[in-house]
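Engineer: need a structure here:
(4 chains)
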Protein chains: 4
Amino acid sequence: MEFPVLDRGFVRLVDFMGGDEAVVQAARVSTGQGSKGLERDRALIDYLMSHRHETPFEHSVFKFHIRCPIFVARQWFRHRMASYNEISGRYTELRDEFHLPATLRTQVSKDYQYAPLPAETAAPLIERIAKHYDDSYRLYQELLGAGVAREQARIVLPLAIYTEFYWTVNARSLMNFLSLRAEAHAQEEIRAYAQVILQIFREKMPWTYEAFMKHWFKPVL
Amino acid sequence: MEFPVLDRGFVRLVDFMGGDEAVVQAARVSTGQGSKGLERDRALIDYLMSHRHETPFEHSVFKFHIRCPIFVARQWFRHRMASYNEISGRYTELRDEFHLPATLRTQVSKDYQYAPLPAETAAPLIERIAKHYDDSYRLYQELLGAGVAREQARIVLPLAIYTEFYWTVNARSLMNFLSLRAEAHAQEEIRAYAQVILQIFREKMPWTYEAFMKHWFKPVL
Amino acid sequence: MEFPVLDRGFVRLVDFMGGDEAVVQAARVSTGQGSKGLERDRALIDYLMSHRHETPFEHSVFKFHIRCPIFVARQWFRHRMASYNEISGRYTELRDEFHLPATLRTQVSKDYQYAPLPAETAAPLIERIAKHYDDSYRLYQELLGAGVAREQARIVLPLAIYTEFYWTVNARSLMNFLSLRAEAHAQEEIRAYAQVILQIFREKMPWTYEAFMKHWFKPVL
Amino acid sequence: MEFPVLDRGFVRLVDFMGGDEAVVQAARVSTGQGSKGLERDRALIDYLMSHRHETPFEHSVFKFHIRCPIFVARQWFRHRMASYNEISGRYTELRDEFHLPATLRTQVSKDYQYAPLPAETAAPLIERIAKHYDDSYRLYQELLGAGVAREQARIVLPLAIYTEFYWTVNARSLMNFLSLRAEAHAQEEIRAYAQVILQIFREKMPWTYEAFMKHWFKPVL
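Structural biologist: As a prediction, this is how the structure comes out:
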């Protein structure tokens, strides 16, 4: 299932391996045992999370298909404990798809609090941005038309252009991503993606999600 | 399914995600395309392997349950791009299970070539080893009986004692493991495990296996 | 010392730990020995490289300060076995510094061979690109002037804008980077950086460099 | 300088790169600035640690030479974000050096609290252990004498035998190691090593140490 994010992006869970029971299985190997019934298994996951015993969460793995603007992807790819394969602007002509903000925001405190600009201020600026995207893409096309290599022509395109990638990540690394990108200090755009992923995580690993929200995730630092 | 290895060990594939088609999917995202039919997909995997474009192989993930002697596990855990959860000699009493060699080998060249010792030489030595395991385990039991903590008592146990762990590893990292541990210079005991895993890999990812054997794996350096 | 790269970029070696002798030291620990004289140490490094025993190279570490366009940084940050800290467009106003190509190139074969466009074709296009950078930066300034948050305003800026980061990487991971980014199929711009780094690597680890060029690096695949 | 640990082990800092000022340098690149004076730099390190902004700590790197029993090394090598080269029992004959406990301990609570056994109980058991080491090493020698390959003969040796390795690790990964291995739940023997390393860390990165002790390290969970 594909979840739309921002104006033209999406998150899609392509594959998944493991789950809460895989966490229990990995953790109980340390004592040579397996499941001990629902309640004790759930309590074990809570215990592991609260004591930051994180390795048993590595045996559950998510594979996502993501479509997001490059300025979001730049933050995403900083997470190194994961696998990425991305569409290449060297091998393909990029499409005319840019993130156009619906509203503009202004920073109202040093601690990354924001408020929307009044619509009457924002509207003409957003129009300017849209026109800038058109101009940028037209120049890109013109360069391609004159024979310039795709890899060189693309350098004129704005950071708002959309990209796509596959992202495979285990639950431990995913929780680290969510703890940093779904919380209040993350940039709004990547937070929109992280919030959707948080719900997918919840559906696939409900006990782990519950323990994560209780012991690790802090909505505000 | 559980594959026996050595005298008391095993390899068991617990879970698997991905496959040859996942390699193709990840690689084709770079050009914004998907499968192009069996023959071209197979050729793509061959191309990726021969050019060492290894990231598309990271989206396929194996989870194994392994039982092997500690001297084998020590070599195994050197592979850092993987997830491990192992039975703990701090939390549980270790069982009386040691690897007893069926034959003894001698080194016949500097380059790690070996030949079996004559049976009449080996037999009494193997008996000595078996008795040593008994003595070791008896001392371990005696220490436990006197109240010594498990974590301290175990230090008298030989490296031949069996351990167990879950091992989750993506296909790229697995191929690196196989290239080093299934080849002729690897120690015979870990090679026995790697050979079994090689067959599981072949069954799950036949085209990737084929390309791996052709372009990466070298039975002898 | 700072080495200029492209029109406004640079590579600067900030710190370094290790060297050829550290490779020898790490490798010889496996036999409980140290240096055995220059010639045998040099031969050992050659042996390690030719047999792909790569771990002894991990104990030498380079720290670089890099300034490059974002489309180059995007390729750079795909290398996960390294540490990065980058200037942030959320926390600072980005400067009016873009990579303006001196020549434009066209792709002349499927296998990433390129040839320069004639100067008379390229010159007016390069002028267009320069003007596009001006327009882009003016819009960025206008958005900032209207109160738009830096993190949102920057999305209109082209991929050619310069960024800066610290990059700490061990010699093994560096060689992997060089093998992929200094060779003929890499995009010309990142190759310019990799070529400079290759020379710094040569100066700091001459025997390792020599063995790398002989056994690992392939200028053309 | 070499710090003795346990009966025959040691920790030796071989090389070091970075320091508190390197943390500041890496963190300030995000705003395009450098040092701002001692007090503000120190406060910055405190801020980074308390907000778990851990990447700036990755640019400082320690290289240690360690000598410890194999049962300690087994716990050590679980830390994957580091580089290891270890003496090999395949390539060399291992020496007659085992960890002989000075006291024996018993577990007095489920939560890994221990108390020493009375000396009169412990003394004869320790003698038994010493004799077991002698017997084990004699069997190892006998197997070698009969021509058995080193890699096979060693499997009879107890987990208490000493090994040696080089360990290169950045400050972020080192702090993770210390947070798990220097605290009260870690096994006493590896904790002895971690305590020594904690002091070396303190000497090399005093502000980082201070912030680590305040915000990350928990002596008891």
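Engineer: contacting residues around the helix or strand of chain A with the lowest mean pLDDT?
Structural biologist: Counting by mean pLDDT, DSSP states H and E, chain A has its least confident helix or strand at strand A:105-109, which shows a mean of 91. The set of residues external to strand A:105-109 that reach it, using C-beta atoms under 8 Å, 6 or more residues apart in numbering or on different chains, is A:Q113, A:Y114, A:A115, A:P116, A:L117, A:E188, C:G147, C:V148, C:A149, C:R150, C:Q152. Every residue, glycine included, has its C-beta placed from N, CA and C.
Engineer: if we use 6 Å, what do you get?
Structural biologist: For strand A:105-109, contacts defined as C-beta atoms under 6 Å, 6 or more residues apart in numbering or on different chains pick out A:Y114, A:A115, A:P116, A:L117, C:G147, C:A149, C:Q152.
Engineer: ok, those residues vs D:E183, which is closest?
Structural biologist: Nearest to D:E183 out of the contacts of strand A:105-109 is A:Y114 (C-beta to C-beta; 39.4 Å).
Engineer: the spatially closest residue to that closest one that is not a sequence neighbour: neighbouring residues, count only.
Structural biologist: Nearest non-adjacent residue to A:Y114, counting by C-beta to C-beta, 6 or more residues apart in numbering or on different chains: A:R105, 4.2 Å away. Using other C-beta atoms under 10 Å in any protein chain shown, A:R105 has 18 other residues around it.
Engineer: against chain B, how distant is A:R105?
Structural biologist: Relative to chain B, A:R105 is positioned 32 Å away (C-beta to the nearest C-beta, to the nearest Å).
Engineer: again with A:S88
Structural biologist: Per C-beta to the nearest C-beta, A:S88 is found 4 Å from chain B.
Engineer: can I take it that A:D15 is in a strand?
Structural biologist: Yes: assessed with DSSP: H, G, I helix; E, B strand; the rest coil, A:D15 lies in a strand.
Engineer: contacts only, for the closest residue to A:M17 other than its chain neighbours.
Structural biologist: Residue nearest to A:M17 in three dimensions, not counting chain neighbours: B:M17, with 3.8 Å by C-beta to C-beta, 6+ apart. Going by C-beta under 6 Å, 6+ apart, B:M17 touches A:D15, A:M17, A:V61, B:V61.
Engineer: just checking, the first one touches A:K63?
Structural biologist: Yes: proximity of A:D15 to A:K63 meets the contact threshold set by C-beta atoms under 6 Å, at 4.1 Å.
Engineer: quick one: the helices in chain A?
Structural biologist: Per DSSP state H, chain A carries helices over the ranges A:20-28, A:38-50, A:70-76, A:119-145, A:150-153, A:171-181, A:188-204, A:206-215.
Engineer: that older thread, give me the distance between the least confident helix or strand of chain A and the centre of its chain.
Structural biologist: With C-alpha atoms, centre = their mean, to the nearest Å as the basis, strand A:105-109 stands 23 Å off its chain's centre.
Engineer: what strands line up against that strand, and which way round?
Structural biologist: Partners of strand A:105-109 in the sheet, by DSSP bridges, are strand A:113-116 (antiparallel).
Engineer: buried residues in the strand it pairs with?
Structural biologist: Neighbour-count burial for strand A:113-116 flags A:Y114 (criterion: 16 or more other C-beta atoms under 10 Å in any protein chain shown).
Engineer: return the distance of that strand from the chain's centre.
Structural biologist: That offset, for strand A:113-116, works out to 21 Å (C-alpha atoms, centre = their mean).
Engineer: for the record, mean pLDDT for that strand?
Structural biologist: Regarding strand A:113-116, the rounded mean pLDDT is 94.
Engineer: contact partners of it?
Structural biologist: For strand A:113-116, the surrounding residues in contact (C-beta under 6 Å, 6+ apart) are A:T103, A:R105, A:T106, A:Q107, A:V108, C:A149.
Engineer: show the pLDDT at the closest residue in space to the third one that isn't next to it in sequence.
Structural biologist: Read that as A:T106. Distances taken as C-beta to C-beta, 6+ apart place C:G147 nearest to A:T106, at 4.2 Å, with adjacent residues excluded. Predicted confidence (pLDDT) for C:G147: 97.
Engineer: break chain A down into its structural domains.
Structural biologist: As assigned by automatic domain parsing, chain A contains the domains A:2-88+A:160-215, A:105-156.
Engineer: just say which of those is most tucked in.
Structural biologist: Comparing the domains of chain A by mean neighbour count (mean count of other C-beta atoms under 10 Å in any protein chain shown), domain A:2-88+A:160-215 ranks first with a mean of 20.
Engineer: quick check: end-to-end length of it?
Structural biologist: End-to-end distance for domain A:2-88+A:160-215: 29 Å, by C-alpha to C-alpha, to the nearest Å.
Engineer: before we move on, what about stretch A:141-153?
Structural biologist: One end of stretch A:141-153 to the other measures 8 Å (C-alpha to C-alpha).
Engineer: what's the answer for stretch A:110-125, then?
Structural biologist: With C-alpha to C-alpha as the measure, stretch A:110-125 spans 24 Å from end to end.
Engineer: now do stretch A:152-169
Structural biologist: So stretch A:152-169: terminal residues 31 Å apart, C-alpha to C-alpha.
Engineer: do stretch A:4-21 as well
Structural biologist: With C-alpha to C-alpha applied, stretch A:4-21 spans 30 Å between its terminal residues.
Engineer: what does the pLDDT read for A:L221?
Structural biologist: 47.
Engineer: A:V29 now?
Structural biologist: Predicted confidence (pLDDT) for A:V29: 89.
Engineer: surely it and B:N85 touch.
Structural biologist: Yes: counting by C-beta under 6 Å, A:V29 does reach B:N85; the two are 5.2 Å apart.
Engineer: find residues that contact each of these two.
Structural biologist: Taking C-beta under 6 Å, 6+ apart as the criterion, A:V29 and B:N85 both touch B:Y166.
Engineer: just checking, A:Y209 touches A:R202?
Structural biologist: Yes: at 4.1 Å, A:Y209 counts as touching A:R202 under the criterion of C-beta under 6 Å.
Engineer: where in chain A is pLDDT low?
Structural biologist: Where chain A drops to pLDDT under 70, the residues are A:219-221.
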